[in-house]
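Undergrad: structure, please.
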Amino acid sequence: MISKLASVDPSASIAPGAEIGPWTYIGPGVIVGEGTKIHSHCNIKGPTVIGSNNTIHSFCSVGDDPQDKKYNEDGQESRLEIGDGNTIREYCSINRGTALGGGVTKVGSDNWIMGYCHIAHDCFIGSHCIMANNSTLAGHVEINDYAILGGFTGVHQFCRLGESSFSAISTIIVKDIPPFVMVSGNTARARGINKVGMKRRGFEQVDIESVKRCYRIMYRRSLTTSSALVELEKEVASPVIAKIHRFVLESTRGIVR
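TA: A predicted model of the protein is given here:
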């Protein structure tokens, strides 16, 4: 199912069940898995591995060189890895990694990446995430499972977004967002917990109440982050609070307050 109007490098590996649309370029070092459909007018460069059952819509640039002045093509390891079942809509760009970030950009599985999104070099995207239209990630950003980025969200390099976190439209994120926290604004401020997202994932009410209690400690008691961590240590018997505690403890940029 490769269009006669597509350009596929002989060294590329295209699974028998994959589809390549017209006017799409598949470069050397590209691997495309079973059931993946790449629409017309896409530019796919390698080394890039694209798993099974993905859909990449028209005019996407996937696996191109990282937008980093320090990047040097000569001998520098640089690749992109994409999992299974992702939907990548029109005009998205996903760059390969650089040596500083371990040489790889990774996108997990079952993500919904809407039109005009950008994923820069050395980013890590988990699974089941949603990036609404025009969301933009700078280099070395980490997005954990089930996170949702509202349209026009911009994320500063080296930021981390915890699982099931949520950003509202046009949010500018310059610090880490703990798991299950909702943010908005320029720059981002915490606005509450993602209770709807937790319910959709099947969390029990006791877990939601634990996250509410954790949020009050971090954001409603005027505590410093260090003092909040001390208080959270008393609550780590709860698995969800233990997860938040670990995330905040490991933060190097500091968390959104």
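Undergrad: can I assume I208 is in contact with K195?
TA: Yes - I208 is within contact range of K195, at 5.8 Å (criterion: CB atoms under 8 Å). Every residue, glycine included, has its C-beta placed from N, CA and C.
Undergrad: hmm, G254 is touching I173, no?
TA: No - contact between G254 and I173 fails when scored by CB under 8 Å: they sit 12.0 Å apart.
Undergrad: would you map the helices across the stretch 51-200 of the chain?
TA: Using DSSP state H, counting those that start in this stretch, the helices of the stretch 51-200 of the chain run over 195-200.
Undergrad: not counting sequence-adjacent ones, nearest residue to F158?
TA: Take F158 and drop its neighbours on the chain: the residue closest to it by CB to CB, 6 or more residues apart in numbering is H140, 4.7 Å away.
Undergrad: show me which of G254 and I173 is the more surrounded one.
TA: More crowded of G254 and I173, by other CB atoms under 10 Å: I173, with 26 against 11.
Undergrad: residues contacting that one?
TA: 153-156, 159, 161, 167, 183, 187-188, 256 (CB atoms under 8 Å, 6 or more residues apart in numbering).
Undergrad: what remains of these if I keep only buried residues?
TA: 153-156, 159, 161, 167, 183, 188, 256 (16 or more other CB atoms under 10 Å).
Undergrad: in strands only, show me the residues you listed.
TA: Among these, the ones falling in strands (DSSP state E) are 154-155, 161, 167, 183.
Undergrad: now tabulate those residues in JSON lines and tack on distance to S61.
TA: Output for those, formatted as JSON lines (distance: CB to CB, whole Å):
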{"residue": "G154", "distance to S61": "19"}
{"residue": "V155", "distance to S61": "19"}
{"residue": "L161", "distance to S61": "23"}
{"residue": "S167", "distance to S61": "24"}
{"residue": "V183", "distance to S61": "29"}
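Undergrad: pipe the contacts of I173 into CSV and attach distance to L223 and pLDDT per row.
TA: Output for the contacts of I173, formatted as CSV (distance: CB to CB, whole Å; pLDDT from 0 to 100):
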residue, distance to L223, pLDDT
T153, 27, 98
G154, 28, 98
V155, 26, 98
H156, 24, 98
C159, 22, 98
L161, 22, 98
S167, 23, 98
V183, 18, 98
T187, 20, 96
A188, 19, 98
V256, 15, 96
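Undergrad: just put those residues in a markdown table and tack on distance to A18.
TA: As requested, these are exported to a markdown table (distance: CB to CB, whole Å):
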| residue | distance to A18 |
| --- | --- |
| T153 | 31 |
| G154 | 33 |
| V155 | 31 |
| H156 | 36 |
| C159 | 34 |
| L161 | 31 |
| S167 | 33 |
| V183 | 38 |
| T187 | 42 |
| A188 | 39 |
| V256 | 40 |
